[in-house]
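A.B. asks: when you get a sec, could you give me coordinates for this:
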Amino acid sequence: MPECRICHSPFSEGQAFCRYCGANLLDQNLGPRFCPACGAKVPANQKNCPDCQASLKTEGAEEKSLAAPKQRSPKSPSSGPFLLGFLAGCSFLILLISAWSYTRGGLIPWHIYNEMPKPTETKVQPEQKETAELPKSSAASLKAELETLLATLKEANEKKDLPQFVSVYSPAFPQLPQKSQDIKKIWAIYDYPDMKFKIETVEALPPDGAFAKVIWDMETENRRTKQKKTISKAYLVWFTKESGQWRIRALEKAK
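C.D. replies: Numbering: from 1, shown residues only. So this is what the prediction gives:
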């Protein structure tokens, strides 16, 4: 198959002009016309380049085909698609982090929690249920089960283990995503060298709930300044039994 003498692209027999560079294929002495300034292809009767406005007149009575175009440097690919893809990836990552944060929670020292900015929220009161007076043996058994749950919460605070935190909170816990974000910020600032708890009162909430007053005695240490502080706070805690496991349904600071 014959080739164009200008760009060496193949062409079919009888083809008048090259599909790639526009060279005359019937008369090999005629070549395409290009602007001598910018190299753009121009019509044969054009007096000025439509791209750079350079004059296309040549010396002499007759205009001749100009030399082959200058090699243009390849244009860099548009950054538009890349930018859109980057923004889409960031949005997807934010959604994943939000979904992951929704399942996290934690017990935050009250003096630290007060120092943090809080969004406007509607306080959710736990469902009120009739309490049942338990026999001493049943009350002791219930207290022991709740102490096991709170020991898990204590260990998770000391180890800063978020998956372990998830296991002690009910999915219905109010403001759980916000609590998760708050406890992660606290963990970045403070350590818990010592943490103890004590259950003062226990009440059953039929058919599958319980209520207790819990006292937490904690020693916090600022990770940057190494300053330590001991605090003691009382909380009213509502528990619920889900799939045979006790979990924290709601809590608030005791008055």
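A.B. asks: okay, CA-based contacts and neighbour counts for the rest of this
C.D. replies: Fine.
A.B. asks: so residue 154 makes contact with residue 192?
C.D. replies: No: between residue 154 and residue 192 there is no contact under Cα atoms under 8 Å: 9.6 Å.
A.B. asks: separation between residue 160 and residue 192?
C.D. replies: Between residue 160 and residue 192 the computed distance is 9 Å (Cα to Cα, to the nearest Å).
A.B. asks: same check on residue 176?
C.D. replies: Computed as Cα to Cα, the residue 176 to residue 192 distance reads 22 Å.
A.B. asks: ok so residue 138 is a strand residue?
C.D. replies: No: under DSSP: H, G, I helix; E, B strand; the rest coil, residue 138 falls outside any strand and is assigned helix.
A.B. asks: I'd like to know how far it sits from residue 213.
C.D. replies: For residue 138, the distance to residue 213 equals 17 Å [Cα to Cα].
A.B. asks: okay, the two: which has more neighbours?
C.D. replies: Neighbour count, other Cα atoms under 10 Å: between residue 138 and residue 213, residue 213 has more, with 19 against 12.
A.B. asks: just to check, that one is in contact with residue 202?
C.D. replies: Yes: in this structure, residue 213 is within contact of residue 202 by Cα under 8 Å, at 7.0 Å.
A.B. asks: hey, where'd the helices end up in the stretch 51-200 of the chain?
C.D. replies: For the stretch 51-200 of the chain, the helices defined by DSSP state H, counting those that start in this stretch occupy 79-101, 110-115, 136-159, 162-166, 176-189.
A.B. asks: next, the angle from the longest one to helix 176-189.
C.D. replies: What it means is helix 136-159. 60 degrees (axes from the mean of the first three to the mean of the last three Cα atoms, to 10 degrees).
A.B. asks: packing partners of helix 136-159?
C.D. replies: Packing partners of helix 136-159 (3 or more Cα pairs under 8 Å, 6 or more residues apart in numbering; DSSP states H and E): helix 162-166, strand 190-205, strand 245-253.
A.B. asks: returning to that earlier point: could you export the helices of the stretch 51-200 of the chain as TSV, including mean pLDDT and distance to residue 23?
C.D. replies: Listed next are these as TSV, based on pLDDT from 0 to 100; distance: least, Cα to Cα, whole Å:
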stretch	mean pLDDT	distance to residue 23
helix 79-101	69	34
helix 110-115	53	77
helix 136-159	90	77
helix 162-166	86	71
helix 176-189	89	68
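A.B. asks: reformat those helices into CSV and put distance to residue 14 next to each item.
C.D. replies: Output for those, formatted as CSV (distance: least, Cα to Cα, whole Å):
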stretch, distance to residue 14
helix 79-101, 42
helix 110-115, 85
helix 136-159, 83
helix 162-166, 76
helix 176-189, 74
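A.B. asks: nearest to residue 1, of those helices?
C.D. replies: helix 79-101 (39.6 Å; Cα to Cα).
A.B. asks: so residue 217 touches residue 195, yeah?
C.D. replies: Yes: contact criterion Cα under 8 Å: residue 217 and residue 195 qualify, at 5.9 Å.
A.B. asks: list the contacts for the closest residue to residue 167 other than its chain neighbours?
C.D. replies: Nearest residue to residue 167, sequence neighbours excluded (Cα to Cα, 6 or more residues apart in numbering): residue 247, at 7.5 Å. Contact analysis of residue 247 by Cα atoms under 8 Å, 6 or more residues apart in numbering lists 149, 167-170, 239-241.
A.B. asks: go with 10 Å
C.D. replies: Residues counted as contacts of residue 247 (Cα atoms under 10 Å, 6 or more residues apart in numbering) are 146, 149-150, 166-171, 173, 209-210, 238-241.
A.B. asks: with residue 54 instead?
C.D. replies: Residues near residue 54 by Cα under 10 Å, 6+ apart: 35-38, 47-48.
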